[in-house]
Structure formats: C-alpha cells, structure tokens
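> heads up, no residue letters with this:
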Ligand SMILES: N[C@@H](CCC(=O)N[C@@H](CS)C(=O)NCC(=O)O)C(=O)O
C-alpha cells in the first residue's frame with residue numbers, strides 16, 4: 001500500500017483533512033499548494049481536482065476530494081482504527097456528516113455572503129437548509145446531551161461536524177451556544193486535533209515569515 005499524498009494549504013479546509021489523517025494515524029506526504037495558478041489552479045493539480053481546491057488525497061492511485069468524503073474514506077479503508085460507525089451509530093454518522101456538508105455549509109456560507117433568505121415559508125421550503133436559524137437549531141438539538149455526533153464515542157463524523165463548529169465559533173458564523181462550546185472544547189483536547197493544528201500553525205507562521 002503506497003503512502004497517502006495529501007494536498008493542502010495550511011490556511012484552508014485542508015486543516016479538516018489533516019485532523020482526519022492524524023486521527024486515522026496514517027503516514028502521509030504533504031504537498032503544500034499556494035492559492036492561484038502557481039499551485040491549486042495550475043494544470044498539474046487540476047488533473048487531481050478539476051475544482052482547483054484543496055484538500056485532496058491520493059491513495060494507491062485513487063483520488064478523494066471533499067473534506068467530508070476524505071474522512072469517510074479514511075474511516076472505511078483504515079477500519080481497524082474504529083473511526084467508522086457501529087450499526088447503532090450508522091444513522092447519526094451519515095445523517096450529520098451529510099447535513100454538515102450540505103445544509104449547514106450552505107446556511108453558513110450564504111449568510112456570510114449576505115444572501116438573505118426571504119422570510120417566506122414557501123421560498124424556505126425549496127431551500128435544502130430552510131433557513132440559517134432552522135439549521136443551527138437542528139444541530140444544537142442533536143448535540144444537546146451528547147458527547148459526540150454518534151453518542152458516547154468519538155467517530156470520524158466528529159472531525160467533520162466538529163470542524164464546522166470549531167471554525168464557525170472562531171469566525172463568528174456559528175453562535176456560541178452551550179452545546180456547541182462544550183462540544184468544541186471536548187474536541188480540542190484530542191491529541192490528533194492538537195497535532196494537526198500545530199503543524200498547520202507552524203506552516204502558517206513559516207509562510208508569514210516568507211519561508
Ligand atoms: N467542498 C470542498 C471545499 C474546498 C474549498 O473550498 N477549499 C478552498 C480553501 S478552504 C480552496 O481550495 N479554494 C481555492 C479556490 O477555490 O480557488 C471541501 O469541503 O473540501
């Protein structure tokens with residue numbers, strides 16, 4: 001089995017995938033790509049991801065893009081790490097990862113862009129996320145009284161859902177409700193989280209010094 005090649009930029013959603021790789025405890029070669037034509041938008045990388053976006057991984061010739069898909073893939077392929085769901089956890093696992101990649105991300109980004117959702121039940125009924133408030137309330141309701149997405153046990157779903165909450169709180173796009181804060185603090189104590197963030201932070205500092 002060949003080593004995973006991990007395409008990223010420290011100031012990107014690549015941070016989510018790095019945390020996932022660290023949780024999976026797999027060896028990887030990182031390839032840091034700059035934004036723009038010299039990196040992500042260049043011809044070579046576009047063969048890997050025609051979206052010209054990071055993160056991406058290449059494993060044994062297989063390309064996985066999309067942070068959520070990278071997590072699900074790693075949990076499946078490195079099943080002995082027990083980051084995938086048990087039968088009892090499966091429903092919550094898929095439900096909230098896909099909820100976060102779809103409705104939650106749309107709710108957060110549309111709001112950040114200033115695209116106001118009309119206060120019209122019919123229009124909201126056609127939007128997958130309904131409204132920002134509905135989406136945030138649904139997620140809060142699920143996390144209330146749970147340690148992790150699937151209940152008592154950490155799974156790969158927490159890297160993805162947790163990253164949305166972690167970033168959302170940091171950038172003010174997700175409200176600091178108790179259920180979100182408690183969950184964020186629980187995740188931030190994880191060794192793999194700390195290791196991944198330390199590496200990205202070191203790379204950011206290096207870039208800022210012009211290295
Ligand atoms: N849906 C993708 C989004 C990836 C994404 O938007 N990455 C940004 C950085 S956070 C990027 O590479 N932007 C470069 C560009 O679009 O030019 C995922 O979840 O992995």
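Now that the structure is in, tell me what you want to look at. Predicted, not measured: the structure shown is a model, and the values here were computed from it.
> How far away from the center of its chain is the worst-scoring helix or strand of the chain on mean pLDDT?
Ranked by mean pLDDT, DSSP states H and E, the helix or strand of the chain with the weakest confidence is helix 121-126, at a mean of 94. How far helix 121-126 lies from its chain's middle: 28 Å, per CA atoms, centre = their mean, to the nearest Å.
> what's the burial count for residue 8?
Other residues near residue 8 number 26, with proximity taken as other CB atoms under 10 Å. All C-beta atoms are positioned from the backbone trio N, CA, C, and that covers glycine.
> Residue 67 now?
Residues near residue 67, counting by other CB under 10 Å, number 27.
> Find the nearest non-adjacent residue to it, please.
residue 16 (4.3 Å; CB to CB, 6 or more residues apart in numbering).
> mind checking the SS state of that neighbour?
Following DSSP: H, G, I helix; E, B strand; the rest coil, residue 16 is assigned to helix.
> all helices for the chain, in order.
Assigned by DSSP state H, the helices in the chain fall at 14-24, 43-48, 67-77, 90-99, 105-112, 121-126, 132-143, 156-171, 178-188, 191-208.
> Show me the one of the ones you listed that comes nearest the ligand.
For the helices of the chain, the distance to the ligand is smallest for helix 67-77, at 3.9 Å, taking CB to the nearest ligand atom.
> can you give me the offset of the closest one from its chain's centre?
Using CA atoms, centre = their mean, the distance from the centre of helix 67-77 to the centre of the chain it belongs to is 11 Å.
> where in the protein is pLDDT low?
Low-confidence segments of the chain, defined by pLDDT under 70: 1-2, 211.
> so what are the domain limits for this structure?
According to automatic domain parsing, the chain is divided into the following domains: 4-82, 90-192.
> most packed of the ones you listed?
With neighbours taken as mean count of other CB atoms under 10 Å, those reach their highest mean count in domain 4-82, at a mean of 18.
> That domain vs the ligand: in contact?
Yes. Domain 4-82 lies in contact with the ligand when judged by CB under 6 Å from any ligand atom; the contacting residues are 12-13, 35, 40, 52-55, 66-67.
> Span of that domain from start to end?
Between the opening and closing residues of domain 4-82 we find a distance of 19 Å, counting by CA to CA, to the nearest Å.
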